[in-house]
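Participant: Coordinates for the following, if possible.
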Amino acid sequence: MTSRYIVVGSGSHEAAALVLDQLATAFGASASVARVPAFAGTDADSAAVGVPSALPDAVGAVRERTADVVLIESSSACTNRSFDALGWDFSLAASVGAGVVLAPDTEGVGAELLAQEAVTAVSRAADHQAVVMALALPAALVGRIDSPVPVLPLPVDGEGLAALASAPAPSAVTPLAFQADLVERARADRKRIVLPEPDDDRVLRAAAQVLASGIADITFVGDADYVAKRAGELGLDLGAAQVVSTGDPAYLERYAEEFARLRAKKGVTLEQARDKVADVSYFGTMMVHMGDADGMVSGAAHTTAHTIVPSFQIIKTAPGVSVVSSIFLMLMKDRVWAFGDCAVNPNPTPEQLADIAVTSARTAAQFGVAPRVAMLSYSTGSSGSGPDVDAVAEATRLAREKAPELAIEGPIQFDAAVDSAVAEKKLPGSEVAGRATVFVFPSLEAGNIGYKAVQRSSGAVAVGPVLQGLNKPVNDLSRGALVEDIVNTVALTAIQAQG
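Facilitator: I've put the predicted structure just below:
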């Protein structure tokens with residue numbers, strides 16, 4: 001497992017560089033060490049002009065470095081006067097899981113001022129979801145400064161190094177960290193994803209990024225000449241993508257025969273099946289069903305129904321699942337929540353709600369979210385009553401029967417689910433209250449309102465909807481999807497396809 005550290009100095013690049021050199025020497029005696037600049041993958045000018053666009057490149061470049069220990073050189077040497085070097089370093093640290101070591105310039109600075117500098121830096125780091133693991137100080141100053149974090153005596157010796165290495169690793173999950181993790185996981189077991197909407201430039205741009213990043217292999221359903229021509233006009237490299245026509249006899253007859261077999265009880269003839277699978281959504285779904293692709297992403301240019309109805313008819317639900325549902329992965333500043341169902345089922349029954357809860361917990365776990373499930377209501381425990389509360393209580397009972405190993409609480413209000421102080425008053429002793437990560441809404445109306453309210457009021461990134469409960473992964477896009485959204489959804493689908 002790789003450990004990462006970044007050494008930052010308050011106003012002194014030289015102090016930070018000196019401590020980094022000492023850490024490299026000390027770690028290098030027993031482990032492999034890689035050093036990487038804070039502007040890896042980008043440059044100081046790009047970072048100064050636009051942090052949101054430059055930081056993802058730096059995060060990707062740092063996370064790609066493999067060694068027992070990765071040491072990140074701070075950006076404090078940047079000469080751009082408008083650039084917030086500390087802010088960049090702390091944001092980078094949070095998104096690559098690096099611990100921060102403070103290395104202040106101590107020459108001529110009193111103990112009280114050094115302590116205040118440390119307090120300020122720790123607070124600023126927390127604002128960026130970064131964790132300061134140590135304050136590096138000359139041995140002569142150890143014990144003289146009231147430090148808010150453990151002190152790393154200089155020069156670095158084995159004892160100090162051991163203390164630093166044994167400290168708890170930063171655990172915040174920023175949106176950039178989550179997205180970078182998606183890319184890494186998708187790359188680890190590369191899958192083929194079919195995109196049936198190459199007429200949309202956003203889809204072409206996203207596919208180029210997916211291929212360049214190694215996230216997945218891509219198959220388009222469309223016209224090969226058009227894809228090649230449009231890719232050239234847009235300056236995109238799509239040479240590695242496969243393009244399949246719905247009229248290709250190598251696929252069409254095989255798909256029509258299988259679709260006719262699947263829908264025989266509905267009276268579908270072979271001729272009708274040929275017409276149906278010539279539709280791009282049906283064709284793409286048949287590719288997944290027949291094993292010619294591992295998953296499908298669509299919806300940028302088609303309705304949700306056009307995307308997912310074929311999957312109901314062809315791929316169908318997984319064993320033990322009664323209903324296809326969805327979750328949104330809500331990327332908060334320092335954690336990931338799962339909200340379901342916000343896109344598919346308008347008024348689920350208690351049985352369906354229980355299925356949604358169990359499936360959502362398993363989907364969340366697939367993406368690294370430890371599931372603690374809150375069955376949301378306007379009542380916590382027995383504080384309220386009514387048919388809606390009774391339905392959630394019954395759904396909770398059924399969910400516990402289906403998956404006794406899961407931590408599930410309900411009925412529970414949102415504040416009791418996320419706020420430990422409220423939880424202690426309303427539902428003391430609960431293993432979910434105050435710590436929930438998976439939120440199951442009682443209706444589509446509540447879920448859709450809830451995820452959009454959180455997204456717009458907190459600045460959270462909403463990834464999804466991620467469809468769940470199908471035998472093989474098919475995911476729907478918003479028709480307003482950005483290129484980034486499509487890339488993320490392809491990565492999610494590829495991970496689902498990994499099983």
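
Participant: Could you pull up the mean pLDDT of stretch 191-198?
Facilitator: For stretch 191-198, the mean pLDDT works out to 97.

Participant: which outside residues touch that stretch?
Facilitator: Stretch 191-198 is contacted from outside by 203-204, 207, 210, 216-223, 226-227, 230, 243, 280-281, 283-284, 287-288, 292-302, 490, 493-494, 497-498, using Cβ atoms under 8 Å, 6 or more residues apart in numbering. Glycine gets a C-beta too; all of them are placed from N, C-alpha and C.

Participant: same deal with stretch 348-361?
Facilitator: Residues outside stretch 348-361 that contact it (Cβ under 8 Å, 6+ apart) are 321-323, 325, 327, 338, 340-341, 345, 371, 373, 375, 391-392, 394-399, 401-403, 406, 408, 438, 440, 442-443, 468-469.

Participant: related to what we said a few turns ago, can you flag the buried ones in the contacts of stretch 191-198?
Facilitator: 203-204, 207, 210, 216-223, 227, 230, 243, 280-281, 283-284, 287-288, 292-302, 490, 493-494, 497 (16 or more other Cβ atoms under 10 Å).

Participant: returning to what we had before: restricted to helices, list the contacts of stretch 348-361.
Facilitator: 391-392, 394-399, 401-402 (DSSP state H).

Participant: Switch the residues you listed over to CSV; also include distance to residue 460 and pLDDT.
Facilitator: As requested, the ones in helices among the contacts of stretch 348-361 are exported to CSV (distance: Cβ to Cβ, whole Å; pLDDT from 0 to 100):
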residue, distance to residue 460, pLDDT
391, 28, 96
392, 24, 96
394, 31, 96
395, 26, 96
396, 26, 97
397, 31, 97
398, 30, 96
399, 25, 96
401, 32, 96
402, 29, 94
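
Participant: So how do I select the buried members of those in ChimeraX?
Facilitator: Buried residues within the ones in helices among the contacts of stretch 348-361, by 16+ other Cβ under 10 Å, are selected in ChimeraX with:
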select :391,392,394,395,396,398,399,402
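
Participant: export the ones in helices among the contacts of stretch 348-361 to CSV and tack on distance to residue 253?
Facilitator: Below are these laid out as CSV (distance: Cβ to Cβ, whole Å):
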residue, distance to residue 253
391, 48
392, 49
394, 48
395, 45
396, 49
397, 50
398, 44
399, 44
401, 46
402, 41
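
Participant: elements contacting the worst-scoring helix or strand of the chain on mean pLDDT?
Facilitator: One helix or strand of the chain scores below all others by mean pLDDT, DSSP states H and E: helix 44-49, with a mean of 78. Judged by 3 or more Cβ pairs under 8 Å, 6 or more residues apart in numbering; DSSP states H and E, helix 44-49 is in contact with helix 51-64.

Participant: again, only using 6 Å
Facilitator: Where contact means 3 or more Cβ pairs under 6 Å, 6 or more residues apart in numbering; DSSP states H and E, helix 44-49 is not packed against any helix or strand.

Participant: what's the spacing between that helix and its chain's center?
Facilitator: Helix 44-49 sits 25 Å away from the centroid of its parent chain (Cα atoms, centre = their mean, to the nearest Å).

Participant: now swap in stretch 253-262 and tell me
Facilitator: 37 Å.

Participant: Tell me, how many residues neighbour residue 248?
Facilitator: Look at residue 248: counted by other Cβ atoms under 10 Å, it has 13 neighbours.

Participant: before we move on, what about residue 264?
Facilitator: Residue 264 is flanked by 12 other residues according to other Cβ under 10 Å.

Participant: ok, it - contacts?
Facilitator: Applying Cβ atoms under 6 Å, 6 or more residues apart in numbering to residue 264 gives no contacts.

Participant: Now residue 35. Its backbone dihedrals?
Facilitator: phi -110, psi 140 (degrees, to the nearest 10).

Participant: ok now do it, which residues does it touch?
Facilitator: Residues near residue 35 by Cβ under 6 Å, 6+ apart: residue 71.

Participant: now, which of the buried ones among the contacts of stretch 191-198 lie within helices?
Facilitator: Per DSSP H, these map to helices at 203-204, 207, 210, 227, 230, 280-281, 283-284, 287-288, 490, 493-494, 497.

Participant: quick revisit: tell me the one among the ones in helices among the contacts of stretch 348-361 nearest to residue 19.
Facilitator: When the ones in helices among the contacts of stretch 348-361 are compared for distance to residue 19 (Cβ to Cβ), residue 399 comes out closest, at 51.2 Å.

Participant: pretty sure the closest one contacts residue 408?
Facilitator: Yes - assessed by Cβ atoms under 6 Å, residue 399 is found in contact with residue 408 at 5.2 Å.

Participant: Quick one: distance of stretch 372-390 to the chain centre.
Facilitator: That offset, for stretch 372-390, works out to 29 Å (Cα atoms, centre = their mean).

Participant: again with stretch 261-278
Facilitator: Offset of stretch 261-278 from its chain centre (Cα atoms, centre = their mean): 39 Å.

Participant: Tell me the buried residues in it?
Facilitator: Buried, per 16+ other Cβ under 10 Å, within stretch 261-278: 262-263, 268, 273-274, 276-277.

Participant: how far does that stretch stretch from start to finish?
Facilitator: 16 Å (Cα to Cα, to the nearest Å).

Participant: Give me the most central residue, the chain.
Facilitator: Centroid-nearest residue in the chain: residue 178, 3.4 Å away (criterion: Cα atoms, centre = their mean).

Participant: between the helix or strand hosting that residue and helix 51-64, how big is the angle?
Facilitator: Under the criterion of DSSP states H and E, residue 178 resides in helix 175-188. Calculated by axes from the mean of the first three to the mean of the last three Cα atoms, to 10 degrees, helix 175-188 forms an angle of 40 degrees with helix 51-64.

Participant: Let me see the residues that make contact with helix 175-188.
Facilitator: 56, 59, 63, 95, 213-215, 331, 336, 461, 491, 494-495.

Participant: could these go into a markdown table alongside distance to residue 254 and pLDDT?
Facilitator: Shown next, in a markdown table, are the contacts of helix 175-188 (distance: Cβ to Cβ, whole Å; pLDDT from 0 to 100):
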| residue | distance to residue 254 | pLDDT |
| --- | --- | --- |
| 56 | 41 | 89 |
| 59 | 43 | 91 |
| 63 | 41 | 91 |
| 95 | 45 | 92 |
| 213 | 32 | 91 |
| 214 | 30 | 94 |
| 215 | 28 | 96 |
| 331 | 40 | 93 |
| 336 | 40 | 94 |
| 461 | 40 | 88 |
| 491 | 29 | 95 |
| 494 | 24 | 96 |
| 495 | 28 | 95 |
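
Participant: measure residue 454 to residue 267 for me?
Facilitator: The gap separating residue 454 from residue 267 is 45 Å, by Cβ to Cβ, to the nearest Å.

Participant: Oh, that last question was meant for residue 55, not what I typed.
Facilitator: 56 Å.

Participant: where does the residue of the chain most remote from its centre sit relative to residue 377, distance-wise?
Facilitator: Residue farthest from the centre of the chain, counting by Cα atoms, centre = their mean, is residue 108 at 45.4 Å. As for residue 108, its distance to residue 377 is 61 Å (criterion: Cβ to Cβ).

Participant: likewise residue 202?
Facilitator: If you measure residue 202 against residue 377 using Cβ to Cβ, the figure is 38 Å.

Participant: higher neighbour count, those two?
Facilitator: Taking other Cβ under 10 Å, residue 202 and residue 377 do not tie; residue 377 has more neighbours (27 against 18).
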